[in-house]
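Student: pasting a predicted model and its sequence here:
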Amino acid sequence: MSTQAKFSFLSNLAKKQNIILLSFILISPTCANADVHASITGTNNNVDRWFSKSHSEWAIKADVDYEHSSGFYAGSKIGTIKFVRSIEDDETRMPVGQPAAVEITPYVGYTYTFNNDWKLGTEVNRYIYTGDICGHPADYNEYYLIAHYQDLVTAKASLANDFWGTNHNVFNYETIARYPVTDYIDVSGGGGYSATRGAVGSDHAFWNAGFTYFYKIVSLDFRYMDATKFSVIGPNNGEMFMLPNKDAYEPPVVDSTFVFSVSAGI
């Protein structure tokens, strides 16, 4: 990478880190009455819904969260990611842009408690990448509506605006259920549907099942994950989908994958 390219990448990263710092400054006045939680996780596959963000390789994730007694909460997630090869220019065959290696996700939300059984909430996430995806900037926002029942069942609906910079919106629907078998073991699972056809060429259904073992500040999670692709766009149905670049891609769909994660948190 040339000196100019390195300077441009570091400058871009610094600007995005300033955004994260600003988000923490904005929420800092509420911290005195808030519960603070933090965790770090190592996993053999950074799976999100129907695809792998780490190209089915090991990844590290961390999360810091502030929960206020009023129901407001905020925080940030960070994780290592790996997408496919760098985009190359036709003439020079040189990489265009710097492939993203880290995903940073500041978020803010509010949960309203109706009674001992039901909670409703809303949340906004900002996905920030330290480089490019498919050779172009890919930062985007996602807006959630969330319903909780007895901390056992959670239903989510979300809108990802300008998903990965493709100029397409993505709707996601997901339900998650958990049950504490003992004080140390939870069984859990869930499934959902991502209407990603406009953004990456097809929609996806996904599901998972597994269990989590807790011991003091450490937890171990063992999970089976699977996904299915639907509604591929093509000339046969009268609509041709164009990816942002000829080397852009649809991430490989998770297929009968076992995911193991170990976390430590407070």
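Tutor: Cool, got the structure. Computed from a prediction, not measured in an experiment: that's the story for all the values here.

Student: my read: T130 touches P99, true?
Tutor: No. Checked against Cβ atoms under 8 Å, the pair T130 and P99 is beyond contact range at 9.3 Å. (Each C-beta comes from the backbone N, C-alpha and C, glycine too.)

Student: who touches the residue nearest to the spatial centre of the chain in this structure?
Tutor: With distances taken as Cα atoms, centre = their mean, D48 lies nearest the centre of the chain, 5.7 Å away. Counting by Cβ atoms under 8 Å, 6 or more residues apart in numbering, D48 makes contact with nothing.

Student: for it, give me phi and psi.
Tutor: phi -130, psi 110 (degrees, to the nearest 10).

Student: check G165 too.
Tutor: phi 70, psi 30.

Student: could you do P137 as well?
Tutor: Per degrees, to the nearest 10, the backbone of P137 is at phi -60, psi 140.

Student: and the nearest residue to it once chain neighbours are set aside, what pLDDT?
Tutor: Distances taken as Cβ to Cβ, 6 or more residues apart in numbering place G165 nearest to P137, at 5.5 Å, with adjacent residues excluded. Confidence at G165, expressed as pLDDT, is 87.

Student: tell me how far G165 lies from Y224.
Tutor: 32 Å (Cβ to Cβ, to the nearest Å).

Student: neighbour count for those two, which is higher?
Tutor: Shown here are G165 and Y224; by other Cβ atoms under 10 Å, G165 has more neighbours (17 against 13).

Student: got a list of what the more buried one touches?
Tutor: G165 touches I133, H136, P137, A138, D139, Y140, P244, counting by Cβ under 8 Å, 6+ apart.

Student: now W118
Tutor: A147, H148, Y149.

Student: test my guess that the first one contacts T154.
Tutor: Yes. With the criterion set as Cβ under 8 Å, A147 and T154 qualify as a contacting pair; they are 7.1 Å apart.

Student: looking at these two, which one has more neighbours?
Tutor: Shown here are A147 and T154; by other Cβ under 10 Å, T154 has more neighbours (17 against 14).

Student: how about that one: what's its closest non-neighbour residue?
Tutor: That would be I176: by Cβ to Cβ, 6+ apart, it lies 4.7 Å from T154.

Student: pLDDT score assigned to the one you found?
Tutor: Value for I176, per-residue pLDDT: 97.

Student: pretty sure it contacts S188?
Tutor: Yes. With contact defined as Cβ under 8 Å, I176 counts as touching S188 (6.9 Å).

Student: tell me the bridge partners for W118.
Tutor: Beta-bridge partners for W118, by DSSP bridges, are Y149.

Student: low-confidence regions, the protein specifically.
Tutor: 1-34, 84-97, 231-250 (pLDDT under 70).

Student: in three-state terms, label the closest residue to T257 other than its chain neighbours for me.
Tutor: Leaving aside its chain neighbours, T257 sits nearest to M225 (4.8 Å; criterion: Cβ to Cβ, 6+ apart). For M225, the assignment made with DSSP: H, G, I helix; E, B strand; the rest coil gives strand.

Student: how close does M225 get to D162?
Tutor: Taking Cβ to Cβ, one finds M225 at 26 Å from D162.

Student: so those two - more neighbours on which side?
Tutor: M225 (20 against 15).

Student: all strands of the protein, in order?
Tutor: 34-43, 47-48, 51-52, 59-68, 72-80, 102-113, 118-129, 140-149, 153-161, 170-180, 185-195, 203-215, 218-230, 257-265 (DSSP state E).

Student: single out the most deeply packed of the ones you listed.
Tutor: strand 51-52 (a mean of 22; mean count of other Cβ atoms under 10 Å).

Student: now tell me what touches it from outside.
Tutor: Contacts for strand 51-52 (Cβ under 8 Å, 6+ apart): N45, N46, H204, A227, P251, P252, V253, V254, T257.
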